[in-house]
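Colleague: What would the 3D arrangement of this be:
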Amino acid sequence: MGFAAKAFEDMDLDERHLMFDTVATALEQAASDAEDEGDVTAGQNTMAVAGTLRGLSMNLADCDVHAAELLLEQGVMLLHELSSRHAGPEHLQ
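Modeller: Numbers count the residues shown, from 1 in each chain. The predicted model follows:
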């Protein structure tokens, strides 16, 4: 089951909402993991980004598409950063 990648601006509202929900859910899990590892600050910051994504997703029809896309990108970059924190030197490029 393959599908072609779409630019954010080409997605319909349901697709955008699903994308925001997916990233927010992943951020919430990453926040929980960070707190479990003792990094409370990272957990709180990550949960704040997840909450912002969830809040914005409830109003995607009326929001600035560029700003929404930028926030989504920041969420994905934060996930990447958190997932690579414990990676060894062989994972760094």
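
Colleague: ok, Ser83 - how many residues close by?
Modeller: Ser83 has 13 neighbouring residues, counting by other C-beta atoms under 10 Å. (Glycine included, C-beta is placed from N, CA and C.)

Colleague: Name the helix or strand for it, please.
Modeller: Assessed by DSSP states H and E, Ser83 sits inside helix 65-84.

Colleague: got any ranges where the chain has weak pLDDT?
Modeller: 1-2, 86-93 (pLDDT under 70).

Colleague: which helix in it runs the most residues?
Modeller: helix 13-36 (DSSP state H).

Colleague: which other helices and strands contact that one?
Modeller: helix 40-57, helix 65-84 (3 or more C-beta pairs under 8 Å, 6 or more residues apart in numbering; DSSP states H and E).

Colleague: Tell me what angle the first one forms with helix 13-36.
Modeller: If you take axes from the mean of the first three to the mean of the last three C-alpha atoms, to 10 degrees, helix 40-57 sits at 170 degrees to helix 13-36.

Colleague: Show residues contacting helix 40-57.
Modeller: 16-17, 20-21, 23-25, 27-28, 30-32, 34-35, 63, 68, 71-72, 74-75, 78, 82 (C-beta atoms under 8 Å, 6 or more residues apart in numbering).

Colleague: Residue nearest the middle of this protein, spatially speaking?
Modeller: Taking C-alpha atoms, centre = their mean, the centroid of the chain lies closest to Gly75, which sits 3.1 Å from it.

Colleague: Would you mind measuring from that residue to Thr52?
Modeller: Using C-beta to C-beta, to the nearest Å, Gly75 is found at 8 Å from Thr52.

Colleague: that older thread, how far off helix 40-57 does the helix holding Ser83 point, in degrees?
Modeller: Using the same axes, to 10 degrees: helix 65-84 against helix 40-57 is 150 degrees.
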